[in-house]
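Trainee: sequence and computational prediction follow.
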Amino acid sequence: MDENFCTVRKLIGWALAVGVAGVVCSPAWAKTVKVEFTAIETEVVIDNKGTKYKAWTFNGQFPGPVVRATEGDTIEFSLTNPKTNTFPHSMDFHAGEMDFLKNHKQVERGETHHITFTPKKPGIFFYHCGVQPMIQHIARGMMGAIIIDPKDPNALPKADREYVLVQSELWNNPDDVQGMFDRKYDGAMFNGGIFKYHPFLGGKPLEAKLGERVRIYIVNAGPNNFSAFHPIGEIWVVVENEGGYPLVTHSLTDALRGAIAVLLVKKDAKTLPLMPFVEPARTK
C-alpha cells in the first residue's frame, strides 16, 4: 500500500475488472493477467450537464479502467500510443516494484511498450502517466486504480458490493499547466465527474441493500489534493437503515466543488459495476 490510497473497510457487490484482456492460469494459485491499454486523446463528459472536456485517457476512460489481480500474480501490461495522438504517454503502476529507467518508458506516437511485473503487496494503488509535465497528464485523465487482492481469500471479510472512487481535481482549461502548479482548480471529482453520484444534482447514486457489507475503495489521484474521505450517517460497519448516505471528502472546498457521492440503500438496489457509470468516450 502507498500514501495515495485509502481502503475503507467492511463496507460492498460484485467486482468488474475492466481493461483486463485475458487471464492465463499458472501453477498453484498464481496466474498471468494480461492488460492492454491504448492512450486515447479525446473528449469526455465531466459533469451532469453534458460538458465536454479535452482529456487524455487510457482506453477512452477518465479515470482509466480498474485493473485487478491477486498478490503474486504476473501482470503482463502493454501501452499503445497511436500515431493519431499528439503527445507521448507512459505508465507508472504504484503496485509494481521495478526498475524505473527500464519500465517507465516514454511511449512515443506509433509505439507500444510492454511491462511485466509481479505485485507482492495487496491493497488498492494509484496508476498514472509519468510523462512531463506529469501534473497535466494526470489532471487530463491519465490515471486510475489497480486493486491487488490478498492471496489469502480470508484476509478480508467477504463484501456484498464493492465500489471504486478515484478523486481528482478539474481545471476547466486543460492547457493551464501553471494553474495546475498554483492549485487554481475549478472543481473536484469522483471518477471523472462533478457530483457524478449525487442524485439531487443530476447524478446517479451508488446503491446497496439493507444489511449488505459495502467496500469502498478510494484513491487520491490529485494531482495535488488529498482526500479526507468519510461517510455521513454511518461509521463503516453495516448500513442499518434505508436511505441516503453521502460519501464525501471532509476537505470541504473539494466536497462542495463536486466530490460528493451518495450511497442509496433500498430494497430494490440495482447491481452496479466496480466503477459505476464510467463509460469509454466515443472515438472517431
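Mentor: That came through fine. Numbering: from 1, shown residues only.
Trainee: mind checking how far Ala69 is from Ile75?
Mentor: Going from Ala69 to Ile75 by Cβ to Cβ, to the nearest Å gives 6 Å. The C-beta positions use only the backbone N, C-alpha and C, and glycine is treated the same way.
Trainee: partner strands of the host helix or strand of Ser168, parallel or antiparallel?
Mentor: Using DSSP states H and E, Ser168 sits within strand 161-170. Under the criterion DSSP bridges, strand 161-170 sits next to strand 187-190 (antiparallel), strand 214-222 (parallel) in its sheet.
Trainee: following the longest one, which helix or strand comes up?
Mentor: Right, the one you point to is strand 214-222. Next along the chain after strand 214-222, with elements defined by DSSP H and E, is strand 229-231.
Trainee: list the helices and strands that following strand packs on?
Mentor: In this structure, strand 229-231 packs against strand 243-249, with contacts taken as 3 or more Cβ pairs under 8 Å, 6 or more residues apart in numbering; DSSP states H and E.
Trainee: burial measure for Gly130, as a count.
Mentor: By other Cβ atoms under 10 Å, the residues close to Gly130 number 17.
Trainee: was I right to think it contacts Phe93?
Mentor: No - with contact defined as Cβ atoms under 8 Å, Gly130 does not reach Phe93; the gap is 10.2 Å.
Trainee: residues shared between the contacts of Ala69 and Ile75?
Mentor: Val33, Pro119 (Cβ atoms under 8 Å, 6 or more residues apart in numbering).
Trainee: Val131 is in contact with Met91, correct?
Mentor: No - look at Met91 against Val131 with Cβ under 8 Å: they stay out of range, at 9.8 Å.
Trainee: low-confidence ranges, the protein, go.
Mentor: Along the chain, the model assigns pLDDT under 70 to residues 1-29, 283-284.
Trainee: per-domain residue ranges of it.
Mentor: 17-149, 161-265 (automatic domain parsing).
Trainee: what's opposite the residue nearest to Lys270 when sequence neighbours are not counted in the beta bridge?
Mentor: Among residues not flanking Lys270 along the chain, Glu207 sits closest, at 5.3 Å (Cβ to Cβ, 6 or more residues apart in numbering). Here Glu207 sits in beta bridges with Leu264, going by DSSP bridges.
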